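Undergrad: sequence and predicted model, in that order:
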Amino acid sequence: MSEASDPSALPAREQAAEPAPELAPEPVSEQAQGRIHQEPAHPLRQIFDHANDAILLIDPERDRILEANTQASRMLGYDPAELTRDVRVSSVHPHEMER
């Protein structure tokens with residue numbers, strides 16, 4: 001095999017990246033949720049609040065958004081209270097509810 005056809009011979013930035021594995025959500029107990037929400041200095045709370053990505057904490061069985069970070073609020077055009085009170089998960093990603 002020549003260097004031209006060997007992908008490992010290419011500089012790292014030119015090699016095709018492998019897709020990241022799909023992350024499956026893990027259920028979080030209500031007790032653990034309570035601890036995270038009650039402790040503003042909790043590391044997970046800080047990550048949630050200051051993430052550059054939209055993050056929604058959902059209850060798929062009840063089709064509810066339990067909590068939304070600032071980026072999710074901006075992206076969806078609702079304030080966080082509206083998201084948890086008025087918006088259904090299925091209205092955000094209807095195809096996800098079919099799985």
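TA: Arrived safely, thanks for sending.

Undergrad: where's A51 relative to D86, distance?
TA: From A51 across to D86, the span is 23 Å (C-beta to C-beta, to the nearest Å). Where you see a C-beta, it was placed from the backbone N, CA and C, and this is true even at glycine.

Undergrad: I meant D63, not that one.
TA: The gap separating D63 from D86 is 12 Å, by C-beta to C-beta.

Undergrad: ok, those two, which is more surrounded?
TA: Remark: of D63 and D86, D63 carries more neighbours, 13 against 10, as counted by other C-beta atoms under 10 Å.

Undergrad: ok, the more buried one touching V87?
TA: No. Using C-beta atoms under 8 Å, D63 is not in contact with V87; the gap is 9.9 Å.

Undergrad: C-alpha coordinates for stretch 54-69, CSV please?
TA: The C-alpha coordinates for stretch 54-69 follow below in CSV (Å, rounded to 0.1, in the frame of the first residue of the first chain):
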residue,chain,number,x,y,z
ALA,A,54,-28.5,23.2,25.7
ILE,A,55,-29.2,20.7,28.5
LEU,A,56,-32.7,19.5,29.4
LEU,A,57,-33.4,17.3,32.4
ILE,A,58,-36.6,15.4,31.4
ASP,A,59,-39.1,12.8,32.6
PRO,A,60,-40.0,11.0,29.4
GLU,A,61,-42.7,8.9,31.1
ARG,A,62,-44.7,12.1,31.9
ASP,A,63,-43.5,14.0,28.8
ARG,A,64,-42.2,16.8,31.1
ILE,A,65,-39.1,19.0,31.1
LEU,A,66,-37.9,19.0,34.7
GLU,A,67,-35.2,21.6,34.3
ALA,A,68,-33.5,23.5,31.5
ASN,A,69,-30.2,25.4,31.5
